[in-house]
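Colleague: Any chance you can model this:
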Amino acid sequence: MDTANILPVIQAVFKGADALDWHTVEQSFAPEVVYDYTSMAGGQPLTLTPSAITGMWKQFLPGFDKTAHRISDFIFTREGDTVVVHFSGHATHTIGTATWIVEGNYETRLSHHHDKWQLIFFKFNLQRQEGDLQLPAQAQQRAGAK
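Modeller: Below you'll find the predicted structure:
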């Protein structure tokens, strides 16, 4: 299995998000992605373009002073032409001295598009959150003011 080329694609999403480098994030996603954050936000999974995903993140992540996403415990499984990758995630979001921490696990699927691996399925399963639970709303307000 091509884990040496798959893992950097996943890592780029989180490094790019922390750096607000939307181009890097978008390059990791296929032209259409099943995006499922229903465990945090409710609703139904959505099929989105990479720019639609970063468009949502732009309304939120720039409002924090800093974010730090850590991902670990990768499990790779080949399913036909796709690779399924499960992993754990821990994200720390700060504004001033206030902190909001989110932990959960991810289920992702990647396929080979145009000579590179790209995410076609991106699901987050919330396990817990702690800290200042008002920080996400503050970040959204701050991001909208920028």
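Colleague: Need the phi and psi values for residue 94.
Modeller: phi -130, psi 150 (degrees, to the nearest 10).
Colleague: so what's it up against?
Modeller: Contacts for residue 94 (CB atoms under 8 Å, 6 or more residues apart in numbering) come out as 64-67, 100. Placement of C-beta: from N, CA and C, glycine included.
Colleague: Tell me the predicted confidence for it.
Modeller: As predicted, residue 94 sits at a pLDDT of 98.
Colleague: mind checking how far it is from residue 60?
Modeller: From residue 94 over to residue 60 the distance is 14 Å, taken as CB to CB, to the nearest Å.
Colleague: Let me see the ranges of the helices in the protein.
Modeller: Counting by DSSP state H, the segments of the chain that form helices are 3-19, 22-28, 38-41, 50-58, 135-145.
Colleague: buried stuff in the fourth one?
Modeller: Using 16 or more other CB atoms under 10 Å as the burial criterion, the residues of helix 50-58 that qualify are 50, 52-54, 57.
Colleague: Can I get those residues in a markdown table including pLDDT?
Modeller: As requested, these are arranged in a markdown table below (pLDDT from 0 to 100):
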| residue | pLDDT |
| --- | --- |
| 50 | 98 |
| 52 | 98 |
| 53 | 98 |
| 54 | 98 |
| 57 | 96 |
